[in-house]
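Visitor: Return atomic coordinates for the entry below.
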Amino acid sequence: MTEIPSQTPGNPFSSFPPGSAKTKEVAEWLANIAKISTVMSAILGGPIIWLYLISAGAAFPTPDASLAVLLLAFSVMLTGIFSILLISLLIPILVRLGAVEAVRVRFPLLFRETPPIGLDIPKFLLEYVLLHLPSLSFILSILFVFNPGKEEEKIIPLIAFIVGLALSITAEVYKKLRRRAKLNEEFSSVFWFRLLINLSFCGWFLYFTSLVIFPATRLIPQNIGIGETLASLMVTVGVIVPHMFLSWGRPTARRVAIGAGFGVLALSFAYPGIPSLASSALNVLGFGGGVPVTLTVKRLEADQTTAIGRQVSGCLILKTGSTVTIREQRKNADDCGLHPRFLEPFQFAPRFQDVIEFQRADVTEIGAYRPTSAIP
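Guide: Numbers count the residues shown, from 1 in each chain. Coordinates of the predicted model:
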């Protein structure tokens, strides 16, 4: 006769001791993560929000019970935005993880751990051009041929990419035929990797130029005759050289960590800067960051004894459990966000210029932006 295990009253998990212990272990692990996250959000989130507030001309809010929740949510969102930006910047390294052995054999200098020196540099450049010829054709056509003002020229970058891909495949087939080799599975693997890495390079080019290179070209004076040419050359060098550096060697964890470190420094202190990233995180969460809003607030007029509702429109800088800070913008909301400049991420606005801080209890409604008159 099979014995039924005893069960202690009040403990439904007592008959499953391994599962109960595992659940308790996971719960303690999650609790420790929550504690560490709360402490780190206060240490890092507080100074970052302070940098954003002084860039917007506002003061740090009075600490209350809701501020800890705001800092935690803000830190999580900021970490997510940073992670997305870093992964996007490191695409040239990460996409190389998909290179099979046939690709490594075909382009040995691109996957060699030691950097190319001496006579290996021209061979390295040749391999780089042969592998990235479609995307290089795409980039150069955009910078030096494509005119965005003409509708009929929008297809030029696509044609350049297809022509570059056809030329690189023709060169590969010609090399195979000279060696009297068959177009086997290795040829197919190299082709699909070439297509993948060139598509990723084109996407990385569009992202990298909008994030870093185009803001940097604004430093070139436009009143000089060769300003446009200098901007195109700056974009070309600023895109191809970093990509060439990221394309060298095997994608080891050390190279990814070094690239991530430089990426964090560039995003924080070059462009767009810590205040702008903080503004984006608050904007996504709905806690501020320059969201255009119209508030309905209780105002006590000088000749009245009861408060009446008045509307004020502007840019929501920060909303906490006790205060709502807004920069008044009565006519339009086009100037609500921060405007960082390349290599000038910290631009401190005059303190409390057009900035109003309301007590949360006095704000009865927060709605969509509508032009309003000034608050008396």
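Visitor: What ranges in the stretch 101-250 of the chain fall below the confidence cut-off?
Guide: Within the stretch 101-250 of the chain, the stretches falling below the threshold (pLDDT under 70) are 115-116, 119, 146-153, 180-185, 211-232, 234-235, 249-250.
Visitor: Now do the helices in it.
Guide: Listed in chain order, the helices found in the stretch 101-250 of the chain under DSSP state H, counting those that start in this stretch are 101-106, 120-144, 156-178, 185-208, 214-217, 227-246.
Visitor: Which one of those lies nearest to residue 49?
Guide: helix 214-217 (23.6 Å; Cβ to Cβ). Quick note: C-beta positions are derived from backbone N, CA and C, even for glycine.
Visitor: In which helix or strand does the spatially most central residue of the chain reside?
Guide: Using Cα atoms, centre = their mean, the residue of the chain that lies closest to the mean C-alpha position is residue 85, 2.7 Å off. Here residue 85 sits within helix 65-89, counting by DSSP states H and E.
Visitor: Give me the nearest residue to the residue nearest to the centre of the chain, chain neighbours excluded.
Guide: Across the structure, with Cβ to Cβ, 6 or more residues apart in numbering as the measure, the residue nearest residue 85 apart from its sequence neighbours is residue 267 (5.8 Å).
Visitor: avg pLDDT for the helix or strand hosting that neighbour?
Guide: Of the helices and strands defined by DSSP H and E, residue 267 is found in helix 253-269. Averaging pLDDT along helix 253-269 yields 75.
Visitor: same for that helix, what does it pack against?
Guide: Contacts defined by 3 or more Cβ pairs under 8 Å, 6 or more residues apart in numbering; DSSP states H and E place helix 253-269 against helix 65-89, helix 91-94, helix 274-285.
Visitor: Now do the first one, average pLDDT.
Guide: Looking back up the chat, that one is helix 65-89. Here the mean pLDDT over helix 65-89 is 76, rounded to a whole number.
Visitor: circling back: buried ones in the helix holding residue 267, by neighbour count?
Guide: In terms of neighbour count (16 or more other Cβ atoms under 10 Å), helix 253-269 has its buried residues at 255-256, 259-260, 263, 266-268.
Visitor: swap in stretch 179-199?
Guide: Buried residues in stretch 179-199, counted by 16+ other Cβ under 10 Å: 186-187, 189-191, 193-194, 197-199.
Visitor: same deal with stretch 319-337?
Guide: Along stretch 319-337, these residues count as buried under the neighbour rule (16+ other Cβ under 10 Å): 319-320, 323-329, 333, 336-337.
Visitor: Now that stretch - C-alpha only, PDB.
Guide: Taking C-alpha atoms only, stretch 319-337 is exported to PDB below (Å, rounded to 0.1, in the frame of the first residue of the first chain):
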ATOM      1  CA  LYS A 319       5.600  65.800 -13.200                       C
ATOM      2  CA  THR A 320       5.900  64.200  -9.800                       C
ATOM      3  CA  GLY A 321       3.500  63.200  -7.100                       C
ATOM      4  CA  SER A 322       3.700  66.700  -5.400                       C
ATOM      5  CA  THR A 323       4.600  69.200  -8.100                       C
ATOM      6  CA  VAL A 324       4.100  69.900 -11.800                       C
ATOM      7  CA  THR A 325       6.800  72.000 -13.500                       C
ATOM      8  CA  ILE A 326       6.000  73.600 -16.900                       C
ATOM      9  CA  ARG A 327       7.700  76.200 -19.200                       C
ATOM     10  CA  GLU A 328       5.000  78.500 -20.400                       C
ATOM     11  CA  GLN A 329       4.600  78.500 -24.200                       C
ATOM     12  CA  ARG A 330       1.400  80.300 -25.100                       C
ATOM     13  CA  LYS A 331       1.400  80.500 -28.900                       C
ATOM     14  CA  ASN A 332       3.000  77.300 -30.200                       C
ATOM     15  CA  ALA A 333       4.700  74.200 -29.000                       C
ATOM     16  CA  ASP A 334       7.400  73.900 -31.600                       C
ATOM     17  CA  ASP A 335      10.100  74.900 -29.200                       C
ATOM     18  CA  CYS A 336       9.400  72.500 -26.400                       C
ATOM     19  CA  GLY A 337      12.300  70.100 -26.700                       C
END
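Visitor: Can you verify my assumption that residue 368 contacts residue 291?
Guide: No. The pair residue 368 and residue 291 fails to qualify as a contact (Cβ atoms under 8 Å) at a distance of 9.9 Å.
Visitor: more crowded one of those two?
Guide: Per other Cβ atoms under 10 Å, whichever of residue 368 and residue 291 has more neighbours is residue 291, with 23 against 10.
Visitor: in what helix or strand does that one lie?
Guide: For residue 291, the enclosing helix or strand under DSSP H and E is strand 288-299.
Visitor: Name every strand pairing with the helix or strand following that strand and say which way it goes.
Guide: Read in the C-terminal direction, the helix or strand following strand 288-299 is strand 308-319, with elements assigned using DSSP H and E. Sheet pairing here is set by DSSP bridges, and for strand 308-319 it gives strand 288-299 (antiparallel), strand 323-328 (antiparallel).
Visitor: okay, those strands in TSV with distance to residue 141 and mean pLDDT next?
Guide: Converted to TSV, the strands paired with strand 308-319 look like this (distance: least, Cβ to Cβ, whole Å; pLDDT from 0 to 100):
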stretch	distance to residue 141	mean pLDDT
strand 288-299	36	85
strand 323-328	43	87
